[in-house]
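Undergrad: my questions concern the predicted model and sequence given below.
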Amino acid sequence: MTLTSCQCHYLIRSYLTCFQIAIARFLLSFLLLHSINRPADFPSKEIIAPSL
């Protein structure tokens, strides 16, 4: 099975996009879990609380 340069570039690009999507989803879920599990450590509440 021989690949031309165009096919190689397409394969590499598709793998990279899949990898980027996986990393983005992992980071988003990680941040969501942290904001839900530790609301006291979240800095946004400390910034909003004094202004109220």
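TA: Structure received. Numbering: from 1, shown residues only.
Undergrad: show the average pLDDT along the biggest helix by length in the chain.
TA: Taking DSSP state H as the criterion, the chain has its longest helix at helix 5-37. Average pLDDT, helix 5-37: 84.
Undergrad: how would you label Thr2: helix, strand or coil?
TA: Following DSSP: H, G, I helix; E, B strand; the rest coil, the label given to Thr2 is coil.
Undergrad: that one and Tyr15, how far apart?
TA: Distance of Thr2 to Tyr15, computed by CB to CB, to the nearest Å: 19 Å. (Each C-beta comes from the backbone N, C-alpha and C, glycine too.)
Undergrad: higher neighbour count, these two?
TA: Tyr15 (10 against 4; other CB atoms under 10 Å).
Undergrad: OK, contacts around that one?
TA: Listed by CB atoms under 8 Å, 6 or more residues apart in numbering, Tyr15 has no contact partners.
Undergrad: for Leu33, see how far away it is.
TA: On the measure of CB to CB, Tyr15 and Leu33 end up 27 Å apart.
Undergrad: do the same with Ala22
TA: From Ala22 to Leu33 the distance is 16 Å (CB to CB).
Undergrad: can you check Leu27 too?
TA: Taken as CB to CB, the span from Leu27 to Leu33 is 11 Å.
Undergrad: and Ile12, by the same measure?
TA: 32 Å.
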